[in-house]
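A.B. asks: sequence and predicted structure are below.
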Amino acid sequence: MNCALVTGASRGLGRAIAVQLAIDHGLYMLVNYASNLQAAEETLAAIASNGGQGEIIHFNVQVKTEVDAALNDWKEKNNDKFISVLVNNAGITRDGLLMWMPENDWDDVMNISVKGFYNVTQHVIQQMLRKRSGRVVNIASLSGLKGVAGQTNYSAAKGAMIAATKALAQEVAKRKITVNAVAPGFIASDMTKDLNEDELKQMVPMNRFGSAEEVAHLVSFLVSDKAGYITGEVININGGIYS
């Protein structure tokens, strides 16, 4: 049975992506969460209510021992399942000007996005390489392409994910594994709820924030057979703000 692992799938973009992949591709969903079990259970319930199947898997993406232990334990209990799709979605923001940024705010943002990408992808891609099949989609950001003042840490983290996407795609292409990134702009979610939407949407040519579901549809396309010849790409979804 083919499965999809979505990191940080308890809320926002991760939840929307997990639900959409179950609907569109019939994948057995692994809903990863770090701290909010109730929210992860709500994601799983949303998958089930749309006719999908899955389970919750707990680990902090930035801690390699946790990632390896959780995924090894899951594999031992699920010999008939193959994680054919990985969506590296886990990420946080700790905004502030670099001159006053605490070291922890830099480290936490970098470790969850970049070290988390390494920890989870390195583990999951081993089986993809053996099976000569797989899809990896990394959730980057407009910040990683354009750079955003007050987000030097987040811009650095997402920029690193973009560069890693391009390099890894070249390493695994011969094994029929695609690696792409999606770079959302302003998306209505938990991460943007404290922003002034009325003011910021004036920066967007489409004059609105995007929805998590719109991002999920793009990820779903990249996971599909229709996207089999697309790899190493960064696809913007931002209403024209960076076109």
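C.D. replies: Looks like it arrived, so ask away.
A.B. asks: okay, strands next: where are they in this structure?
C.D. replies: Remark: strands assigned in the chain by DSSP state E are 2-6, 28-33, 54-58, 82-88, 134-139, 177-184, 234-237.
A.B. asks: can I get those strands in JSON lines with mean pLDDT?
C.D. replies: Output for the strands of the chain, formatted as JSON lines (pLDDT from 0 to 100):
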{"stretch": "strand 2-6", "mean pLDDT": "97"}
{"stretch": "strand 28-33", "mean pLDDT": "98"}
{"stretch": "strand 54-58", "mean pLDDT": "97"}
{"stretch": "strand 82-88", "mean pLDDT": "98"}
{"stretch": "strand 134-139", "mean pLDDT": "98"}
{"stretch": "strand 177-184", "mean pLDDT": "98"}
{"stretch": "strand 234-237", "mean pLDDT": "97"}
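A.B. asks: of those strands, which is nearest K115?
C.D. replies: strand 82-88 (11.2 Å; CB to CB). The way it works is simple: take the backbone N, C-alpha and C, and place the C-beta from them, glycine included.
A.B. asks: what residue is smack in the middle of this protein?
C.D. replies: In the chain, the residue lying closest to the centroid (CA atoms, centre = their mean) is N89, at 1.9 Å.
A.B. asks: pLDDT weak spots in the chain?
C.D. replies: 190-195, 197, 243 (pLDDT under 70).
A.B. asks: give the contact list for the residue nearest to A4 when sequence neighbours are not counted.
C.D. replies: Leaving aside its sequence neighbours, A4 sits nearest to V85 (CB to CB, 6 or more residues apart in numbering; 3.7 Å). Going by CB atoms under 8 Å, 6 or more residues apart in numbering, V85 touches N2, C3, A4, L5, L21, H25, L27, G134, R135, V136, V137, V223.
A.B. asks: so what's V85 bridging to?
C.D. replies: Counting by DSSP bridges, V85 forms beta bridges with A4, R135.
A.B. asks: quick one: it from H25, how far?
C.D. replies: 8 Å (CB to CB, to the nearest Å).
A.B. asks: now the common contact residues for these two.
C.D. replies: N2, A4, V223.
A.B. asks: tally of neighbours for the second one?
C.D. replies: Other residues near A4 number 25, with proximity taken as other CB atoms under 10 Å.
A.B. asks: correct me, but it touches M29?
C.D. replies: Yes: when contacts are counted by CB atoms under 8 Å, A4 is listed as touching M29 (5.7 Å).
A.B. asks: which neighbours do the two share?
C.D. replies: Common neighbours of A4 and M29 (CB under 8 Å, 6+ apart) are A18, L21, A22.
A.B. asks: buried ones among those residues?
C.D. replies: When these are checked for burial by 16 or more other CB atoms under 10 Å, the buried set is A18, L21, A22.
A.B. asks: turn those into TSV, including distance to A149.
C.D. replies: Formatted as TSV, those follow (distance: CB to CB, whole Å):
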residue	distance to A149
A18	32
L21	34
A22	38
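A.B. asks: stretch 215-232: which residues count as buried?
C.D. replies: Quick answer for stretch 215-232 (16+ other CB under 10 Å): V215, A216, L218, V219, S220, F221, L222, V223, A227, T231.
A.B. asks: max-length helix in the protein?
C.D. replies: Longest helix of the chain, by residue count under DSSP state H: helix 152-172.
A.B. asks: ok so, going back, in the buried residues of stretch 215-232, find the pair that's most separated.
C.D. replies: So, the buried residues of stretch 215-232 by CB to CB: farthest apart are A216 and T231, at 20.1 Å.
A.B. asks: if anything else comes up later, I'll come back, but that's it for now.
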